[in-house]
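Novice: Sequence first, predicted model second:
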Amino acid sequence: VKTLVLPATLERALAQGHPWVYRDHLPRDFQARTGDWVRARAGRWSGFGLHDAEGALALRVFSAKGIPDADWVGERVRAAWDLRAPIRARGDTDTYRWLNGEGDFLPGIVVDLYGDYAVLVTDSPAVEPLVPWVVAALGAVRPLAGILWRQRDPREEGDRRLSVLVGGAPPERLVVRERGLSFVVSLEAGQKTGLFLDQRENRCTVETLAAGRRVLNLFSYTGGFSLYAARGGARETTSVDLSKGATRAAEQSFEASGLAGEGHRFVAADVFEFLEAENASASRHDLVVCDPPSFARSQQQLEQAERAYVRVNTAALRVVEDGGLLASSSCTARVGPAAFQRCLAEAAARAGRRLQILHDAGHALDHPIALGHPEGRYLKFIVARVLRPA
Ligand code: SAH
């Protein structure tokens, strides 16, 4: 294999387990193809990674010891499966993240389980050589009815291709179970791999806080937070999302979960317009969930993202009843936990409210984060009580 000599300044991060090397750290004359194994050195550190000739990430590091083979990859897949045993042990959940890329020490590769189906995501063509080994390991650990493959390419916007790798295509509307609730999901048409599995434990938190409350779920997608709120005894739920397909799926999941009823509304609308109208008519809610899409893809968009968090949370706070709750989330990795709290503080100032943080959370067990890889910690979830200044 080719040896790649990196600046010694990278030694510490790599030794601490950071699995990425950006292109601007590579010597100009270094040449290898996408998907080639490379041995990299930085000071006294050395490791083996897959090279990407075009993306901003030039190297994903897998092992300090040698070039991974099928057995090595199989061990990562099995270790990830074992880590999720507590989720399976409850017996009420058949959808969760089986493999979380960097967080499970297989950079660039994610696997989400949906009942008897799995969706495998590759972040770049550079990691595609590992796919056959991952697929073999998945099937050996847990036989599947089908495996879908979402191939991402950092050079292109969005998801490049979706194909059936193994077995059959899933039904257009698959019903999966999360904490005993039924979710109607489309693995092919849905966002992410179908559901936002990363919010499961945070949805549980909302369930415990919902009793007797009027709940407003902003950016509701397929209604996850609303379903939990309804089961938790919410007096009413209103789910707002731009996507008609998502709000329809939310309605279907309410029916499938036996929770459908008059108190549950599904609104296909722009959240900002919806909140303006609510505020104008002085409508108030006791618990507002705000889980917008990621606002920044690059460092340049960071300021813009922070402004967007301030704006949406200001508008959300204006419709919270005095003494009510705001459950606010951010999935933008570049806006860290401290920055997100600053956004909420600024939103509170603009809305003329005081906030008391009651709960501050992030990722659950099935979305582990490698400690040396802070970029893996993208999810923030804060529950705050909303008060008028005394
Ligand atoms: N809370 C959800 C996930 C939300 S993902 C869950 O737990 O499953 C973000 C959602 O915001 C997407 O469904 C997207 O359709 C929606 N969205 C994006 N911009 C929007 C806007 N301006 N108004 C309403 N919904 C929007």
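Specialist: Cool, got the structure.
Novice: Going by C-alpha atoms from here, please, whenever you check contacts or count neighbours.
Specialist: Fine.
Novice: Pull up the distance across stretch 9-27, start to finish.
Specialist: The straight-line separation of the ends of stretch 9-27 (CA to CA, to the nearest Å) is 14 Å.
Novice: Can you give the distance of that stretch from its chain's centre?
Specialist: Its chain's average C-alpha position is 24 Å from that of stretch 9-27, according to CA atoms, centre = their mean, to the nearest Å.
Novice: Can you give me the buried ones in it?
Specialist: 10, 11, 13, 14, 15, 17, 18, 19, 20, 21, 23, 26 (16 or more other CA atoms under 10 Å).
Novice: Return the member of those residues nearest to residue 155.
Specialist: Taking CA to CA as the measure, residue 155 lies nearest residue 23 of the buried residues of stretch 9-27, at 13.7 Å.
Novice: Let me see the confidence value for the closest one.
Specialist: We have a pLDDT of 95 for residue 23.
Novice: Without its sequence neighbours, what residue ends up closest to it?
Specialist: Once flanking residues are discounted, residue 23 sits nearest to residue 58: 4.8 Å by CA to CA, 6 or more residues apart in numbering.
Novice: Relative to residue 249, how far out is the residue nearest the centre of the chain?
Specialist: The centre of the chain sits closest to residue 198, judged by CA atoms, centre = their mean, with a distance of 4.9 Å. Here the criterion is CA to CA. By it, residue 198 lies 18 Å from residue 249.
Novice: now residue 65
Specialist: The spacing between residue 65 and residue 249, counted by CA to CA, is 47 Å.
Novice: likewise residue 68?
Specialist: Separation of residue 68 from residue 249 (CA to CA): 41 Å.
Novice: returning to that earlier point: between residue 65 and residue 249, tell me which one has more neighbours.
Specialist: Shown here are residue 65 and residue 249; by other CA atoms under 10 Å, residue 249 has more neighbours (22 against 9).
Novice: Which of the three states applies to residue 258?
Specialist: Three-state assignment for residue 258 (DSSP: H, G, I helix; E, B strand; the rest coil): coil.
Novice: Surely the residue nearest to the centre of the chain touches residue 368?
Specialist: No: with contact defined as CA atoms under 8 Å, residue 198 does not reach residue 368; the gap is 10.3 Å.
Novice: For stretch 79-88, measure first residue to last.
Specialist: End-to-end distance of stretch 79-88: 14 Å, with CA to CA as the criterion.
Novice: Repeat that for stretch 268-286.
Specialist: One end of stretch 268-286 to the other measures 21 Å (CA to CA).
Novice: What residues of that stretch count as buried?
Specialist: Neighbour-count burial for stretch 268-286, with 16+ other CA under 10 Å as criterion, is recorded at 268, 269, 271, 274, 275, 278, 279, 284, 285, 286.
Novice: what does that stretch contact?
Specialist: With contacts defined as CA atoms under 8 Å, 6 or more residues apart in numbering, stretch 268-286 is touched by 213-216, 218-219, 240-244, 247, 312, 315-316, 318-321, 323-325.
Novice: Which of those fall within strands?
Specialist: Counting by DSSP state E, the part of these found in strands is 214, 215, 216, 218, 240, 241, 320, 321, 323, 324, 325.
Novice: Filtering those residues by proximity to the ligand, which remain?
Specialist: Among those, proximity to the ligand is found for residue 241 (CA under 6 Å from any ligand atom).
Novice: ranges for the strands of the stretch 251-390 of the chain?
Specialist: With strands called from DSSP state E, counting those that start in this stretch, the stretch 251-390 of the chain shows them at 264-268, 285-290, 320-330, 354-361, 380-387.
Novice: actually the stretch 1-150 of the chain, not the one I wrote
Specialist: Under DSSP E, counting those that start in this stretch, the stretch 1-150 of the chain gives strands at 2-5, 20-22, 37-42, 45-51, 57-63, 95-100, 109-114, 117-122, 146-152.
Novice: The ligand: which of those is closest?
Specialist: In terms of CA to the nearest ligand atom, the element of the strands of the stretch 1-150 of the chain nearest to the ligand is strand 95-100, at 12.7 Å.
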